[in-house]
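[1] I'll drop the sequence and a predicted model, then ask my questions.
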Amino acid sequence: MTLEILTPEKKLYSGDVYGVQLPGVDGLFEVLNHHAPLVSALGKGNVKILKTKTGFENYVITGGFVEVLNNKATVLVEGAVEA
């Protein structure tokens, strides 16, 4: 699955990943390879990029949206910092 994390200023992350955990407005959820199409609002919290089944990278976001379509997840956030 391809993941992109974008802010209004720059592209924070772009690459192939195993999956991603996101802070939804109603709680955490996870998107894995070949997930069904989805659009969801995101709350403040931690985005955990699952690069492999054991390796990961974290970003703290202030809110935004995610779109999953054709095995690509695009995360649009207002602001984010690497954790």
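    Okay, I see it. Numbering: from 1, shown residues only.
[2] go ahead and confirm Ala73 touches Glu4.
    Yes - counting by C-beta atoms under 8 Å, Ala73 touches Glu4, with 7.4 Å between them. The C-beta positions use only the backbone N, C-alpha and C, and glycine is treated the same way.
[3] and the two? Which one has more around it.
    For Ala73 versus Glu4, the count of surrounding residues by other C-beta atoms under 10 Å is larger for Ala73: 22 against 15.
[4] next, the more buried one: secondary structure please.
    Per DSSP: H, G, I helix; E, B strand; the rest coil, the secondary structure class of Ala73 is strand.
[5] need the pLDDT of it.
    What the model reports as pLDDT for Ala73 is 97.
[6] need the residues that contact the worst-scoring helix or strand of the chain on mean pLDDT.
    Ranked by mean pLDDT, DSSP states H and E, the weakest helix or strand in the chain is strand 80-82, scoring a mean of 88. Strand 80-82 is contacted by residues Ile5, Thr7, Leu12, Val47, Glu57, Asn58, Tyr59, Val60, Ile61, Thr62 when judged by C-beta atoms under 8 Å, 6 or more residues apart in numbering.
[7] among those residues, name the buried ones.
    Using 16 or more other C-beta atoms under 10 Å as the burial test, those include Ile5, Thr7, Leu12, Val47, Tyr59, Ile61 as buried.
[8] in helices, which of the residues you listed appear?
    With DSSP state H as the criterion, helices contain none of the buried ones among the contacts of strand 80-82.
[9] just give me the closest of those to Gln21.
    Nearest to Gln21 among these: Val47, at 7.1 Å, using C-beta to C-beta.
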